[in-house]
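Undergrad: Need coordinates for the below:
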Amino acid sequence: MGVDLESLSDATSGAIAALVSTTVLYPLDTCKTKFQAELRARHQRKYRNVADVFWEAVRTRKVLSLYQGLGTKNWQAFISSFLYFYGYTLFKRLYLEKTGKIAMGPKANLVIAAAAGAYAVALTMPLDTAASRMQTSEFGKSKGFWKTLSEGTWAEAFDGLGISLLLTSNPAIQYTVFDQLKQRLLKQKLKERSVAADASPETLSAFTAFVLGAGAKCIATTFTYPAIRCKVMLQAAESDENGTAEVLPKDKRTISGATSAIWKREGLSGFFKGLLAQHVKTILSSALLLMVKEKITKTTWILILALRKYLFIQHTSIKKA
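TA: Residues are numbered from 1 along each chain as shown. The predicted model follows:
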């Protein structure tokens, strides 16, 4: 069985878009993550809001620390997105070929998106855990990838795996909503497009992709936010040496432990602490990712076809020689 060029093209464009999105919004992501990781009653909090994290970095002259863990996060975003988009596109094509349908319905879309997300998360979990620990470390005291992971056991590198698998419902909901809306918008264009084997995929305009991406992510994030907050707490670095930013103790780093701690110290509202910041970051991130992906899909497709043609010529030349 040959390489699925459409899946490869979709995965490559998605991974590049994820890299751009992660890098551009990383300082906001660091501020959001540090705010979410703090576990204290409202009157005892070090950070009253996400902006307090940013001003702490400015006040202590450690603004560059807002980028701590960027390299690891970029690797995680690139690999995870590549695996996700490759799996999603491939599973989608196989489903359509097997069922003989022209388009997927919402239920099938959700299942396929969740399956693609699950294997991507499982394979990149150590990178995700390390990046979260670097982000939640005291400014200026973040360690490298290997040192961060070597401080704990190998099992701890997969802290939050269970809840991360549960959270595959987030991108599943997001991309299902996006894909269903996209199919509706492109329905007329798809009827008119060329059916040639090498025809490039039809794409949305940058603005339309941005709006659809933002709306889809908003819906997904609202439904899954309590689990997102728990995940951050499970992966957070240990408390600062001066104890100013309390996090979940190691012996409580389970889903039930995180849920119980939030309920006891922060009450019901604690499950939604940082929701606005999460919305801003994830909506911008996902909308930017989908916008960039839509705009580079055709270019990626052309480059892959050119590469295939070049490799074919080289292979033919070698055989003749």
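Undergrad: got any ranges where the stretch 151-300 of the chain has weak pLDDT?
TA: In the predicted model of the stretch 151-300 of the chain, residues 188-203, 239-245 satisfy pLDDT under 70.
Undergrad: Can you tell me the element residue 141 falls in?
TA: Counting by DSSP states H and E, no helix or strand carries residue 141.
Undergrad: What is the neighbour count of it?
TA: Neighbourhood size, residue 141 [other Cβ atoms under 10 Å]: 13. C-betas here are computed from N, CA, C, even on glycine.
Undergrad: give me phi/psi at it?
TA: Backbone torsions of residue 141, given as degrees, to the nearest 10, read phi -120, psi 20.
Undergrad: Test my guess that residue 15 contacts residue 75.
TA: No: with contact defined as Cβ atoms under 8 Å, residue 15 does not reach residue 75; the gap is 10.6 Å.
Undergrad: more neighbours, these two?
TA: Remark: of residue 15 and residue 75, residue 15 carries more neighbours, 22 against 17, as counted by other Cβ under 10 Å.
Undergrad: Mind checking the pLDDT average for the stretch of helix or strand the more buried one belongs to?
TA: Using DSSP H and E, residue 15 sits in helix 5-24. The predicted model gives helix 5-24 an average pLDDT of 86.
Undergrad: ok, then the element right after that helix?
TA: As assigned by DSSP H and E, the chain's next helix or strand after helix 5-24 is helix 26-37.
Undergrad: quick one: contacts of that following helix?
TA: 22, 47, 49-54, 66-70, 73, 132, 135-136, 228-229, 232-233, 236-237, 245, 247, 273-274, 277-278, 280-281, 284-285 (Cβ atoms under 8 Å, 6 or more residues apart in numbering).
Undergrad: tell me the angle it makes with helix 5-24.
TA: Interaxial angle of helix 26-37 relative to helix 5-24 (axes from the mean of the first three to the mean of the last three Cα atoms, to 10 degrees): 80 degrees.
Undergrad: Which other helices and strands does the longest helix seen in the chain contact?
TA: Secondary structure of the chain per DSSP state H: the longest helix is helix 275-320. Helix 275-320 sits against helix 5-24, helix 26-37, helix 206-235, with contacts defined as 3 or more Cβ pairs under 8 Å, 6 or more residues apart in numbering; DSSP states H and E.
Undergrad: Next up, the contacts around residue 310.
TA: Neighbouring residues of residue 310 by Cβ under 8 Å, 6+ apart: there are none.
Undergrad: That one and residue 304, how far apart?
TA: As judged by Cβ to Cβ, to the nearest Å, residue 310 and residue 304 stand 11 Å apart.
Undergrad: just residue 181 next, same as before
TA: Taking Cβ to Cβ, one finds residue 181 at 26 Å from residue 304.
Undergrad: Same question for residue 37.
TA: Taking Cβ to Cβ, one finds residue 37 at 40 Å from residue 304.
Undergrad: Same check on residue 106?
TA: Residue 106 is 30 Å from residue 304, by Cβ to Cβ.
Undergrad: Between these two, which has more neighbouring residues?
TA: Higher neighbour count among residue 106 and residue 304: residue 304, with 17 against 12, using other Cβ under 10 Å.
Undergrad: Can you name the residues that contact the closest residue to that one other than its chain neighbours?
TA: Leaving out its chain neighbours, the residue that sits closest to residue 304 by Cβ to Cβ, 6 or more residues apart in numbering is residue 9, at 5.1 Å. Residues in contact with residue 9 (Cβ under 8 Å, 6+ apart) are 201, 297, 300-301, 304.
Undergrad: Which of those sits closest to residue 264?
TA: When the contacts of residue 9 are compared for distance to residue 264 (Cβ to Cβ), residue 297 comes out closest, at 47.9 Å.
Undergrad: what's the neighbour count on the closest residue to the closest one other than its chain neighbours?
TA: Nearest non-adjacent residue to residue 297, counting by Cβ to Cβ, 6+ apart: residue 13, 4.8 Å away. Using other Cβ under 10 Å, the number of residues around residue 13 comes to 27.
Undergrad: Residue 13 reaches residue 304, doesn't it?
TA: No: here residue 13 does not reach residue 304: they are 9.8 Å apart, not a contact under Cβ under 8 Å.
Undergrad: before we move on, back to that, what about the residue nearest to residue 304, distance to residue 75?
TA: Taken as Cβ to Cβ, the span from residue 9 to residue 75 is 21 Å.
Undergrad: on that earlier part again, okay, buried residues for the helix holding residue 15 please.
TA: For helix 5-24, the buried set under the neighbour-count rule, 16 or more other Cβ atoms under 10 Å, comprises 6-22.
Undergrad: for stretch 259-273, same thing?
TA: In stretch 259-273, counting by 16+ other Cβ under 10 Å, buried: 259, 261-262, 266, 270-271, 273.
Undergrad: now stretch 145-162
TA: Quick answer for stretch 145-162 (16+ other Cβ under 10 Å): 145, 148-149, 156-161.
Undergrad: re earlier: which among the contacts of residue 9 gets closest to residue 291?
TA: For those, the nearest to residue 291 is residue 297 (11.1 Å; Cβ to Cβ).
Undergrad: Thanks a lot, see you next time.
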